[in-house]
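Engineer: Test case, fold it:
(one chain, ligands or ions: 1)
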Amino acid sequence: MITIREYDLETLKATLKDLGYPAFRGDQLFNWVHHRGVATRDEMKNIPLALRELVQVKNMTLATRQVSEEDRTQKLLFQLEDGHFVETVLMQYRYGNSICISTQVGCRMGCAFCASTIDGLKRNLTAGEMLGQVYEANTLVTEKINHVVLMGSGEPLENYEEVVKFLRIINHEKGYHLSLRNITLSTCGLIPQMLRLAGEDLPLTLAISLHGASDEVRSSLMPINRKYPVKELMEAVDYYILKTHRRVTLEYAMIRGVNDAPEQAHLLRNLLEGKLVHVNLIPVNAVAESGFFPSPEKDIIKFKSILEKKGINTTIRRELGSDINAACGQLRNSYHPTKVEIVQRH
Ligand code: SF4
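Structural biologist: Sure thing, here's the model as predicted:
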C-alpha cells in the first residue's frame, strides 16, 4: 500500500513508474493529498480504480480532542498505525491558524521541565506522520492552517532526514505550499545538526530552547548542555545567522527560583548583545511530575527589562491552553482510554 503522505513528488512518480503508471498520475495523486487535502481515496475521481486501490491517504486517527474554554486552543491526540500516540496543538489567532506538531514519539533529551521525555524516546515520526498532523487538523478548522511550529514532543533535529523531508514537501508549490517563513523549528541545541541546517537553504525560523544563561543552570535543566555548552551554542547561533541572515529565536521558560534571577538576565544580556536574536520569555507550564512552577509576573517583567536595556528584542509569551494541558507531552502522558472520551474519525 502506498501511503501518499509519505512521498515527495519525484519519489511518488518514480514509484508509480515502476508499477507501470505514467508520471501525470503522480501529479494527480500528489495534488489530491498534499494540495486538496482529501481524507479518502474514494474522493480521487480522476484516478483509475485499480490505482486507487493501491494507495491510502490517512496514516492516523484522531483519538481525543480537548478544546480550551479560555482561548480556543485545541489539543489533539492522534493514534498512529502502529498504536503509538502523538499530540498536536492547534491555536487559532486573529491572523490565522497555527499548529504545533510532534516530530518523535516521546523524547530522549531529558529536559527536567518536560513531560514528553518521562517515558523516553519510542521512535522517530516519519515525514508523512508530521504532514498527517497538519492535514488532519486542517479538517477541524474553516481557515487553512498557515503557521507550523515544530515544538511538540521530540527533538526535531534528532530526526533530521524526516524533518527536512517534511519541510520540503509542505513547502512544495504543487502541494500545501506553506511558506518556510511561516515555519518555526525548535531545537534544544544539537550543534552539528544546526550547522548542517544552516546550509539547507530553508528560510524558516530557528528557535533554540535556552532556559539558562550559565552552564550550571542550563545543565541542571537540560542534560544536552553537558555535551553542547552555552558558549559553543552561542558560536553556532552566530554561524547560523551569518549563513542564513535569519533572526534566531531563543526560548526561555521562566521557572520560579530556578532560572529567573536577575543574575541570569545579566548573563543572558552579555551573551546576546549585538546578535540578530529575539527572546521569548515563557512562564513554564506547571507539570505535576516536575515540581516546577511559573515565575511571578513581576520577576518576568524585571528579567525582560534587563535584556531590553541593551536593545535585545524580548517578548513575554502567554501560556496557551493551560486548562487543557497544552504543554508538550502532557496529554499523551495523561491519556487513558477509559478516562477520556474517544472521538472516532471517519
Ligand atoms: S523540551 Fe523538547 S528536547 Fe527537551 S525533552 Fe521536551 S521534547 Fe525533548
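Engineer: ok, now which ones touch Cys107?
Structural biologist: Each residue near Cys107 by Cβ atoms under 8 Å, 6 or more residues apart in numbering is listed here: 114, 116-117, 120-121, 153-155, 329. (Each C-beta comes from the backbone N, C-alpha and C, glycine too.)
Engineer: Kindly recompute the last result at 10 Å.
Structural biologist: Residues counted as contacts of Cys107 (Cβ atoms under 10 Å, 6 or more residues apart in numbering) are 114-122, 152-155, 158, 188, 328-329.
Engineer: Which ones among those also lie next to the ligand?
Structural biologist: Residues of those in contact with the ligand (Cβ under 6 Å from any ligand atom): 114, 116-117, 153-155, 188, 328.
Engineer: Can you go through the contacts of Cys107 and name the buried ones?
Structural biologist: Buried members of the contacts of Cys107, counted by 16 or more other Cβ atoms under 10 Å: 114-118, 121-122, 152-155, 158, 188, 328-329.
Engineer: Between those residues, which sits nearest Met1?
Structural biologist: Nearest to Met1 among those: Lys122, at 22.9 Å, using Cβ to Cβ.
Engineer: re the thing from before, give me the subset of the contacts of Cys107 that lies in strands.
Structural biologist: 121-122 (DSSP state E).
Engineer: so of the contacts of Cys107, which ones are in helices?
Structural biologist: Among those, no member falls in helices (DSSP state H).
Engineer: got the contact list for the spatially most central residue of the chain?
Structural biologist: When Cα atoms, centre = their mean is applied to the chain, the residue found nearest the centroid is Leu150 (1.5 Å). Each residue near Leu150 by Cβ under 10 Å, 6+ apart is listed here: 99-103, 130, 156-157, 159, 163, 166-167, 183-187, 204, 207.
Engineer: Please apply the same query to Trp32.
Structural biologist: 4, 38, 40-41, 43-47, 52, 55, 57.
Engineer: which of the residues you listed are buried?
Structural biologist: Among those, the ones that count as buried by 16+ other Cβ under 10 Å are 4, 38, 41, 44, 47, 52, 55, 57.
Engineer: Strands - which of those land there?
Structural biologist: Val55.
Engineer: can you tell me which helix in the protein is longest?
Structural biologist: Ranked by residue count and defined by DSSP H, the top helix of the chain is helix 230-244.
Engineer: Mind giving me the packing neighbours of that one?
Structural biologist: Under the contact criterion of 3 or more Cβ pairs under 10 Å, 6 or more residues apart in numbering; DSSP states H and E, helix 230-244 touches helix 191-198, strand 205-209, helix 215-221, helix 224-227, strand 248-254, helix 262-272, strand 277-283.
Engineer: residues in this structure within reach of the ligand, list them.
Structural biologist: Taking Cβ under 6 Å from any ligand atom as the contact definition, the chain meets the ligand at 107, 109, 111, 114, 116-117, 153-155, 188, 209, 328.
Engineer: Switch those over to TSV; also include distance to Leu197 and pLDDT.
Structural biologist: Listed next are the residues of the chain next to the ligand as TSV, based on distance: Cβ to Cβ, whole Å; pLDDT from 0 to 100:
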residue	distance to Leu197	pLDDT
Cys107	18	96
Met109	17	96
Cys111	20	92
Cys114	22	86
Ser116	21	88
Thr117	22	89
Ser153	20	95
Gly154	16	96
Glu155	13	97
Cys188	14	96
Ser209	15	95
Cys328	21	51
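Engineer: what about the stretch 201-346 of the chain, any weak spots by pLDDT?
Structural biologist: 287-290, 319-346 (pLDDT under 70).
Engineer: between the buried ones among the contacts of Trp32, which is closest to Glu235?
Structural biologist: Ile4 (41.5 Å).
Engineer: Next up, the contacts around the closest one.
Structural biologist: By Cβ under 10 Å, 6+ apart, the residues touching Ile4 are 12, 15, 26, 29-30, 32-34, 38, 41, 44, 55-57, 59, 128, 131.
Engineer: now Ile145
Structural biologist: For Ile145, the contacting residues are 90-92, 96-99, 133-135, 137-138, 176, 178, 182, by Cβ under 10 Å, 6+ apart.
Engineer: Met44 now?
Structural biologist: Shown in contact with Met44 (Cβ under 10 Å, 6+ apart): 4, 28-29, 31-33, 36, 38, 51-52, 55, 57.
Engineer: How about Ile99?
Structural biologist: Shown in contact with Ile99 (Cβ under 10 Å, 6+ apart): 74, 76, 88-91, 133-134, 136-138, 141, 145-150, 152.
Engineer: Now, these that are in helices?
Structural biologist: Counted as lying in helices by DSSP H, out of these, are 133-134, 136-138.
Engineer: got the buried residues for stretch 7-16?
Structural biologist: Counting neighbours by 16+ other Cβ under 10 Å, stretch 7-16 gives 7-9, 12-13, 15-16 as buried.
Engineer: Out of these, flag the one nearest to Pro283.
Structural biologist: Closest to Pro283, out of all of these and judged by Cβ to Cβ, is Asp8, at 39.3 Å.
Engineer: Let me know the distance separating the closest one from the ligand.
Structural biologist: In this view, Asp8 and the ligand are 26 Å apart by Cβ to the nearest ligand atom, to the nearest Å.
Engineer: what's the distance between that residue and Ala14?
Structural biologist: 10 Å (Cβ to Cβ, to the nearest Å).
Engineer: Thank you kindly, that will do.
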